[in-house]
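Trainee: here are the coordinates; sequence isn't available:
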């Protein structure tokens, strides 16, 4: 007798950061999980128990669930299996005109519609424009003629802490019907005791967008503080740090580059959503403007200092340390990294410079593939040695372990350090010398025009 199709508890569409970490934790919780991912190399790596990105705890966890066959990966849906629950975790990158792409969501919904049986539960976890679950995903599923339940359960983990946060953070569940909400909550209740059920699908969609946009606006204000401190020749690090000592009403973050796959995108998706109802989000828009303008504006200062020190008269060597979009919690993720925008602005301003890159987490092989025109350094010391300008572009703690005084012994005699993350601004001036500058600590007024 022929065996029927295999049945999995959960099918996850898209094995990027969000999908693979969720698939692993759901499998560890005892579910049978199939991950559908169209990139064959990622399917192969996943089935071999090897993650395709850096994430704390993931190598051991993934190896365990693939060995026990609790998690398997496949390139596409077919009639050899079906699932009780489907979770869409595909990416929604911005198209060049700043609108979130829907093609991957639509494709995932079509695949699920074909594969699902009557009564399946479909959860959307990708970050989307408000109304996407109801107006894009649900109609595609409904066209199959099958019955289904649908809910929005937004992803909200921090890269570098995903496995821990999937078990600790409250999970948001947005559904129109309480019975559907309970069914969706049951999936996540195996991971965490804290489930937050909200009134409907759109509430859940907006929660995710508002959460990341709030962080973006906060960081933008910190970067605006840095601009005004530069203009007056005072330290933004001191203004912010001293201003909040014992006074938690002004808990401003420190300035720095703001990017990554969420913060550079989600405010735009929220603004796009608001415009469909005739709302312009002025504060959100201004925050994005400040954060997106920062690389070019700071490179203007770096260039003025290169000219002031006459560094371009000889071979100009610029090293950028920290290419991933953030260093804490550490990640190898280059998506949306503002370090790349800094690199592009430096190349434009100094086309003849020798530019090299280094990252404490991202492998030299990945860096070489991503930045074929630049030198790739394997070690911090090599990146610094003989450089005219050292740019510290992310907040990985290792980039703050060797101080400016020591760095100045290895760089060219008139060279300097520009630090986007104020790794050393807490040190006394005697330790910093005259070759260390940071965002909000350059004594330089931005030039308008």
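Mentor: Great, that's in hand. As the structure is a computational prediction, the values presented were derived from the model and not from experiment.

Trainee: quick one, strands of the chain?
Mentor: Using DSSP state E, the strands of the chain run over 6-13, 33-36, 71-74, 81-88, 120-124, 148-152, 171-174, 195-198, 317-321, 354-358, 375-376, 389-392, 416-419, 436-438.

Trainee: Now tabulate the ones you listed in a markdown table and tack on distance to residue 242, mean pLDDT and mean neighbour count.
Mentor: Glycine gets a C-beta too; all of them are placed from N, C-alpha and C. Output for those, formatted as a markdown table (distance: least, C-beta to C-beta, whole Å; pLDDT from 0 to 100; neighbours: other C-beta atoms under 10 Å):
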| stretch | distance to residue 242 | mean pLDDT | mean neighbour count |
| --- | --- | --- | --- |
| strand 6-13 | 47 | 97 | 21 |
| strand 33-36 | 49 | 98 | 25 |
| strand 71-74 | 50 | 98 | 22 |
| strand 81-88 | 46 | 98 | 24 |
| strand 120-124 | 45 | 98 | 25 |
| strand 148-152 | 43 | 98 | 24 |
| strand 171-174 | 37 | 97 | 24 |
| strand 195-198 | 37 | 97 | 16 |
| strand 317-321 | 28 | 97 | 25 |
| strand 354-358 | 32 | 97 | 21 |
| strand 375-376 | 39 | 96 | 19 |
| strand 389-392 | 23 | 97 | 26 |
| strand 416-419 | 19 | 96 | 24 |
| strand 436-438 | 16 | 94 | 25 |
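
Trainee: can I get those in JSON lines with distance to residue 62?
Mentor: Putting the strands of the chain into JSON lines (distance: least, C-beta to C-beta, whole Å) gives the following:
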{"stretch": "strand 6-13", "distance to residue 62": "13"}
{"stretch": "strand 33-36", "distance to residue 62": "11"}
{"stretch": "strand 71-74", "distance to residue 62": "7"}
{"stretch": "strand 81-88", "distance to residue 62": "17"}
{"stretch": "strand 120-124", "distance to residue 62": "21"}
{"stretch": "strand 148-152", "distance to residue 62": "26"}
{"stretch": "strand 171-174", "distance to residue 62": "21"}
{"stretch": "strand 195-198", "distance to residue 62": "25"}
{"stretch": "strand 317-321", "distance to residue 62": "29"}
{"stretch": "strand 354-358", "distance to residue 62": "28"}
{"stretch": "strand 375-376", "distance to residue 62": "27"}
{"stretch": "strand 389-392", "distance to residue 62": "32"}
{"stretch": "strand 416-419", "distance to residue 62": "35"}
{"stretch": "strand 436-438", "distance to residue 62": "38"}
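
Trainee: Contact partners for residue 357?
Mentor: 319-321, 323, 343, 367, 371, 374-377, 383 (C-beta atoms under 8 Å, 6 or more residues apart in numbering).

Trainee: my bad, should have said residue 119
Mentor: Residue 119 neighbours (C-beta under 8 Å, 6+ apart): 147-149.

Trainee: Closest to residue 91 out of the residues you listed?
Mentor: The closest of those to residue 91 turns out to be residue 148 (C-beta to C-beta; 23.1 Å).

Trainee: does that closest one really touch residue 115, like I thought?
Mentor: No - between residue 148 and residue 115 there is no contact under C-beta atoms under 8 Å: 11.5 Å.
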